[in-house]
Structure formats: C-alpha cells, structure tokens
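Asks: How does the following fold in three dimensions:
(2 chains)
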Amino acid sequence: MSDLSLPPPGLLLFLGLLLPLCGRRARLPLLVGLPLLVLALIWSLPLDYQLPLRVFDWPLVPLSNSVLGRLFGSVFALMALVGGIYAYAQASTTELVAALINAGSAIGVCFAGDLISLLLFWELLALSSTLIIWSGGTLDARRAGMRYLLLHLFGGVILLSGIAGHIEATGSIALSALRADSGAHGLLLFGLLINAGAPPLSAWVADAYPEASPSGSVFLSAFTTKTAVFALILLFPGEPLLIGIGLYMVGYGIIYALLENDMRRILAYSIVNQVGFMVCAIGIGSELALNGAAAHAFVHIIYKGLLLMSAGAVLQQTGRRKCTDLGGLFQSMPWTCLMGIIGALSISAFPFTSGFPAKALISAAAAEQQLLWVWLALTAGAAGVFLHAGIKFPWFVFFQQDSGLRPPDPPFPMRLAMGLLAALCLLLGGFPELLYRLLPYGTDYQPYTAAHLLTQLQLLLFAGLAFFALLPLMRRTRTLSLDTDWFYRRFLRQLTQEFGVHGRYAHSRLQSAVQARWQRLIHGLFVHLGPSGILARSWPTGSMVLWVSLILALSLLVYGMRG
Amino acid sequence: MSARPNREARHWLLRRRTRLLLWLLFGALLGLVLLAGRWVHPHAVFGFEDHLGFFALYGFAVCVALVVVAKVLGIFLKRAEDYYQRPDQSPGSGNEPQRTRDGASAGAVKDEPRCEPDTRPGGPS
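Replies: Numbers count the residues shown, from 1 in each chain, chains lettered A, B, ... in the order given. Next up is the predicted model:
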C-alpha cells in the first residue's frame, strides 16, 4: 500500500464543497456517503500509521493514526453522518458544507501528527463553526457568529504564540505530553482551554451555539469543545491545573443552566459542565482517568447531539425556544419527548445509559488516586447534572404547565437521526465493553456492580426529589444571566462610547483653540496689511518728497562730515 | 373562563390520580433504594461512603445547595432578556441595567406542575 493511497481521513469531508454543485437529489448520498467513507478509512488505517510530508523544511505529519485519534475521529464521523441525516431536509447548503468542513477539520486535528498540522485544522474548525452559526440566518446569529469568530481567532493567536514559543525552545514540532511550566506552554494550554469553554471565557458556548439553526447547534456541539478535549489529553495529561479548572466548569455549567430560560442555552451550559468532567479527568492524568475522559467525550458527543436534536425539533415545530413559552409537548411530540428523555438520562449517567459506564471511570480514577475533595466535587457534579439537564430540560420543555401548543413530531429524517443516537446511548449503556474496547488504555473496569448501581440510583433519585421539592424556587423567568461576555458585549462597548464622547469633546476643544489662533493671525495680518493697515495704506506724494529730501540732506551731511 | 377543560387537555398523565400514583411510586422507589443499602455495601475507599444513605443524603443536600446558590447568584446576575439588544444610553444617564424580578414577567411559569388543564379562554382545542 503506497502512502498516497491513504489521505488524512478528515480531508475527505472537504469534498462537501461539491454540495452546492450537486442537485438536491445528490445531497443525501453525499451527506451519508462521505462520513461512511471516512469511517471506513479510519478503520482501515493500520495503528501507528504515519504519513510524513516535508514542507519548508518542516517535517509535517498530517496523518498519524493512534487509538485515541481513532476513537475521537470515529465519533466525529458518526456525528457528521447522523447530523447530516437530521439536517439535510431543512438546513441551508452553506450550513451543510460548513458542517462537513467542520467535522473534517475536527477529524483532521485527531489525526494530526505535529503541532503545525494541528494548528491548521484548528483554525479551519473556528472558521467553519462561524459559518454554521451565521447560517442561523438571524441578526442575533450574525452578531453571535462575529463574537465567536473574534474570540476564536484570539484563541488561535494565543495557541500559535504558544506553539511558536515551544518550537523556539525545543526545535521540535512533535506532539508530546507537556506541563504548563513555561510561558509558551502556558499560552499553548490557554489556547486549547479557550476552545474547551474553560474559564474565564466560557461564555462563548452559551452565546454562540443557541443562535445557530436547529441542526447547526447539533453540529457545533459535537466538534469544537471535544477537539479541545482531545488535544488536552494529548498535550497536557496529568497537568494539575486542569483539575481545578475542570471542577470550576462543572459548577459553572450547573449554576448557569439552573438560571437559564432558553432550552438550547441550558444544553450549551451543560456542554461546559460535561467538558469540565473531562478536563478534570485529564488533570488527574492516570490511565483510568484518561480512559474516562476519552470515554466520556465519546458518549457525551452522542447524547448531547441527541438532546440538541430533540430541542431543535421542538424549536423547528413550535418556533419557540424559551422554557416559559413551552410545556406539555409530550402530548403531541411523544417521539421527540422520549428521545429527549433518553438523552437526559444518558447525560445524568443513569444506569444502563451510555453516561453511566463513562462517568464511572472518572469517579473511580479520583477515588483510586485518593483525591477526596475531587471525588466529592465530582459526585456532587453528577447529582447536579441530573438536576439541571436530566430533569430540568425535559421537564420544562415537555411537561410542566401546558403551553397549549400541539405541534406534531418532526419529519421522518429528524426522527430517524434521533432514534439512531438514542439506540447508541442504550447500546453503549447496556454493553459498556463495546466502548471500553476502543479506549486508549486497556481496562477491565466493571461498572455494573450491585453497590455502584445502588449508590448511583440513590444519588440520582434523591437529586430528583430535591428538584421536585424545590420547584417553587426554580420558576422560569424571562431573563438572561450576566457572564464574562458582559465585558466585551457591554463594558468595552460602553468604554469605546465613553472614549468617543471624551474624544469628541477634546477634538472640538482643540479645533476651537486652533481656529481661534488662526483667526487672531488673520486678524493681525488684516490690521497691518489690510486696506487701512499701516503697512498697506498709500502715502501722500508730499510726505514722500519730504522724506526723500530729508534723506538726501542727511546723506549730504554725512558725506560733508567725512570730507 | 369556567369552561370545562376539554378531553385532550386531560391527558392520562395529567390526571390527578395518575400524578398521585406516580408520586407514590417515586416515594416507594426512594424508600427501596435507601433500604437496599442495608444489604449492599459499596467498597469504601475513603471510609465514610458505605454509611447507609450517604449517597442519598449527599445527592439531596448538594442539589438543595445548588438551587439556593443559583437563586442567590440570580439576584445579581439575572437581567432582562433584551439586555444586550437595548441601545446603550449615554454614560451616566441612568444606564443602570434593569433587573426583572422573579416571576414578575407576564409569562413566568408556575412552579408546581398543575394537573388542572388549561382553563384560559380558548384553550387548546
């Protein structure tokens, strides 16, 4: 097999650029065929296969296969496939092309074998995500897309600076495990964390994703943050800073989701919450923990896609996105409701759904390392997930007070896509060894012990009791919650306006001062050289003669005195 | 206003009896998982998590704490949903963000699930 016969799998999805040239009839075959082709290519690549490419003396490796890359690449291709089925009937061509390139870039990162290839696909990811947001078509989507783009270009510059510093210090572009022990590595870590939705810039997730179209947010939720998780596993496994950052994200996601009214924003906050679990696991850094982070990312992409599909179906069928406007939809949208519930149970790590075997690994890793406080926080986070996403999302959207809306379930392709993901959630929950077999490190962990089942049920069911007991405190309000994006959406805006006001004032002061000086100069010139000015007025001939004769007399006198 | 709720609004899941039954079932389930702890003991890594009902109590307490913290933070963080759309006024001229009070808005949803169906005029037909 020659090297040329195996291109980087992600690049295949770039063939999505052909979509606008194809007729509507070719749309679905392309949307389904390309991801399937990518999956086939990923699984036909021998492990540790590398495709070296020399560019400007840099030994690039645009294709480097690994167990971790294969795991993430497969789930990205899977989401491109199912997301394509979900989207193809109603999404715009721009969105579909952007989604395929988005997925292709994410897969490109998974198979990048050096920092430069990684950065290139990273930037393409940001650009294509922006296009997906803009495909939402509303003014809000345009603005949110611009904010997203600016923030991610900023993140890209930080990452580039970190990579440049790393290359300067080591002379190597190889991907290797690092520590945030130098300025360059700190920048590298910060650049990756921006994409993961870590503090202090977590707000972009909930700002941008809910503004995309129903299918757009499904695509967006899958790729950017999880690509960052992949890169963190690769570059910063065991970085202790990540434990604290991850736990903060877990808490942040829960609190903000509890405050939120927009159903897709609730799910966006819960992305940050879930990525927090993964980031924390990467910080713990043991083999069990890294397995947990990878497994959790894998299942999270699937159930978060399912949850956003169910929310997207509600949005498409009702045109409403606020919990205050929804409710009682289970009566007319039973399929969407059921799918939403399966997604909600999975994200809550309910036994026999896919979240259970994945989250168990992370919790077990914290216990294995004797990290008491981390374990307690993770357990609290698990209860909080059930509270904010497991019950809150389905309850306020499909049950609670009847909104009187009776829309039907969405068209067949959307129902099919949801069904496929729900089946995967149940399959991976019921047969966790299918998932464990794909993980980077071999594991014989047994998630289904009587004790583990019981403790998890106790935790979740009593969290559920707390939800219903505290419902009066969780009334939905037509509000948004301030976040760090306030600084660039309000504070900086006002600051520029403030500068504008003062700038205009200073400008007018300066202008009037210069003008006054100029006027004085003109006036002075006028006084001296004007029609009545002393230097310009005409003199009488008599005085001329007088002065000439005087001067002549004076010169005669002077001449005479000399003689 | 006093029109009888129509048939569709009284979905079987919304009937008072069903709701009561669901609550009873939920209560029984809670009791069951709590009691089962007498016979099934988790492998205690830290030495305290095998106490009967530790996870139940912890899950409940954490959720209460989270809701209360969210409620308190909401006082400071919540703004009207058009907060960012509103045109900025000139600085220093009452540009203070307005806070909407919980439940004050017209569309605020009642807390507790009500099995009484929609009694608004012209409810779902």
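
Asks: Let me know whether residue A:479 touches residue B:76 as I believe.
Replies: No - using C-beta atoms under 8 Å, residue A:479 makes no contact with residue B:76, being 11.9 Å away. Yep, even glycine has a C-beta here, placed from its N, CA and C like the rest.

Asks: Of these two, which one has the most company?
Replies: residue A:479 (23 against 10; other C-beta atoms under 10 Å in any protein chain shown).

Asks: How about the more buried one: what's its closest non-neighbour residue?
Replies: residue B:78 (4.2 Å; C-beta to C-beta, 6 or more residues apart in numbering or on different chains).

Asks: send the alpha carbons of stretch A:53-72 over as CSV?
Replies: Below are the C-alpha coordinates for stretch A:53-72, written out as CSV (Å, rounded to 0.1, in the frame of the first residue of the first chain):
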residue,chain,number,x,y,z
LEU,A,53,5.2,15.4,4.4
ARG,A,54,8.1,17.8,4.2
VAL,A,55,7.0,21.4,3.8
PHE,A,56,9.6,24.3,4.0
ASP,A,57,12.0,22.1,5.9
TRP,A,58,9.3,21.2,8.5
PRO,A,59,8.7,17.5,8.9
LEU,A,60,4.9,17.7,9.0
VAL,A,61,2.8,14.6,9.7
PRO,A,62,-0.7,15.4,8.5
LEU,A,63,-1.8,11.8,9.2
SER,A,64,-0.8,9.9,12.2
ASN,A,65,-3.0,7.2,13.5
SER,A,66,-3.4,6.4,17.2
VAL,A,67,-6.0,4.6,19.4
LEU,A,68,-7.1,8.0,20.8
GLY,A,69,-7.3,9.7,17.4
ARG,A,70,-9.3,6.8,16.0
LEU,A,71,-11.8,7.0,18.9
PHE,A,72,-12.4,10.7,18.5
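
Asks: list the contacts for the closest residue to chain A within chain B?
Replies: Nearest residue of chain B to chain A: residue B:63, at 3.5 Å (C-beta to the nearest C-beta). Contacts for residue B:63 (C-beta atoms under 8 Å, 6 or more residues apart in numbering or on different chains) come out as A:383, A:384, A:387, A:462, A:463, A:466, A:467, A:470.

Asks: what's the neighbour count on the last one?
Replies: Put plainly, it is residue A:470. Residues within reach of residue A:470, counting by other C-beta under 10 Å, total 17.

Asks: hang on, isn't it packed against residue B:64?
Replies: Yes - counting by C-beta under 8 Å, residue A:470 touches residue B:64, with 6.6 Å between them.

Asks: Strands of chain B, residue ranges please.
Replies: Taking DSSP state E as the criterion, chain B contains strands spanning B:78-80.

Asks: could the contacts of residue B:63 go into a markdown table alongside distance to chain B, secondary structure and pLDDT?
Replies: A markdown table is the format used below for the contacts of residue B:63 (distance: C-beta to the nearest C-beta, whole Å; DSSP: H, G, I helix; E, B strand; the rest coil; pLDDT from 0 to 100):
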| residue | distance to chain B | secondary structure | pLDDT |
| --- | --- | --- | --- |
| A:383 | 4 | helix | 94 |
| A:384 | 5 | helix | 94 |
| A:387 | 5 | helix | 90 |
| A:462 | 4 | helix | 94 |
| A:463 | 4 | helix | 94 |
| A:466 | 3 | helix | 93 |
| A:467 | 7 | helix | 92 |
| A:470 | 5 | coil | 91 |
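
Asks: Go through the residues you listed and say which is closest to residue A:182.
Replies: Proximity of those to residue A:182 (C-beta to C-beta) peaks at residue A:384, which lies at 35.4 Å.

Asks: got the buried residues for stretch A:428-448?
Replies: Using 16 or more other C-beta atoms under 10 Å in any protein chain shown as the burial criterion, the residues of stretch A:428-448 that qualify are A:428, A:429, A:432, A:435, A:436, A:438, A:439, A:440, A:443, A:445, A:447.

Asks: Look at the closest residue to residue A:118 other than its chain neighbours and give its secondary structure.
Replies: Nearest-residue entry for residue A:118: residue A:112, 4.0 Å, with adjacent residues in sequence omitted and distances by C-beta to C-beta, 6+ apart. Under DSSP: H, G, I helix; E, B strand; the rest coil, residue A:112 falls in the coil class.

Asks: cool, residue A:351 as well?
Replies: On the three-state scheme (three-state DSSP), residue A:351 is labelled coil.

Asks: Do I have it right that it meets residue A:449?
Replies: No - assessed by C-beta under 8 Å, residue A:351 is found out of contact with residue A:449, at 10.9 Å.

Asks: neighbour-wise, which of these two wins?
Replies: residue A:351 (19 against 13).

Asks: How many neighbouring residues does the nearest residue to that one once chain neighbours are set aside have?
Replies: Counting by C-beta to C-beta, 6+ apart, residue A:351 lies nearest to residue A:453, which is 5.3 Å off, once chain neighbours are set aside. For residue A:453, the neighbour count with other C-beta under 10 Å is 17.

Asks: what's downstream of the one helix or strand residue A:453 maps to, the next helix or strand?
Replies: Assigned by DSSP states H and E, residue A:453 belongs to helix A:450-469. Following helix A:450-469 in sequence order, the next helix or strand is strand A:479-481 (DSSP H and E).

Asks: Who are the packing partners of that following strand?
Replies: For strand A:479-481, the packing partners by 3 or more C-beta pairs under 8 Å, 6 or more residues apart in numbering or on different chains; DSSP states H and E come out as helix A:241-259, helix B:54-77, strand B:78-80.

Asks: residue contacts, residue A:352?
Replies: A:426, A:429, A:430.

Asks: swap the cut-off to 6 Å and go again
Replies: Each residue near residue A:352 by C-beta atoms under 6 Å, 6 or more residues apart in numbering or on different chains is listed here: A:429, A:430.

Asks: okay, it: pLDDT?
Replies: With respect to pLDDT, residue A:352 scores 94.

Asks: Could you do residue B:95 as well?
Replies: Value listed for residue B:95 in the pLDDT field: 42.

Asks: pLDDT (mean, whole number) over the host helix or strand of residue A:359?
Replies: Residue A:359 belongs to helix A:355-368 when assigned by DSSP H and E. Averaging pLDDT along helix A:355-368 gives 93.

Asks: can it be found next to chain B?
Replies: Yes - judged by C-beta under 6 Å from any C-beta of the partner chain, helix A:355-368 comes into contact with chain B through residue A:367.

Asks: And that helix, what does it pack against?
Replies: Applying 3 or more C-beta pairs under 6 Å, 6 or more residues apart in numbering or on different chains; DSSP states H and E, one finds that helix A:355-368 contacts helix A:263-284, helix A:287-318, helix A:372-385.

Asks: same for the first one, what does it pack against?
Replies: Helices and strands touching helix A:263-284, by 3+ C-beta pairs under 6 Å, 6+ apart, are helix A:203-208, helix A:214-235, helix A:241-259, helix A:287-318, helix A:355-368.

Asks: How about the second one?
Replies: Secondary-structure packing of helix A:287-318 (3+ C-beta pairs under 6 Å, 6+ apart): helix A:67-87, helix A:214-235, helix A:263-284, helix A:334-347, helix A:355-368, helix A:412-430.

Asks: buried residues in it?
Replies: A:288-318.

Asks: before we move on, the earlier item: name the nearest residue to the residue of chain B closest to chain A, sequence neighbours excluded.
Replies: Leaving aside its chain neighbours, residue B:63 sits nearest to residue A:466 (3.5 Å; criterion: C-beta to C-beta, 6+ apart).

Asks: contacting residues around the one you found?
Replies: By C-beta under 6 Å, 6+ apart, the residues touching residue A:466 are B:60, B:63, B:64.
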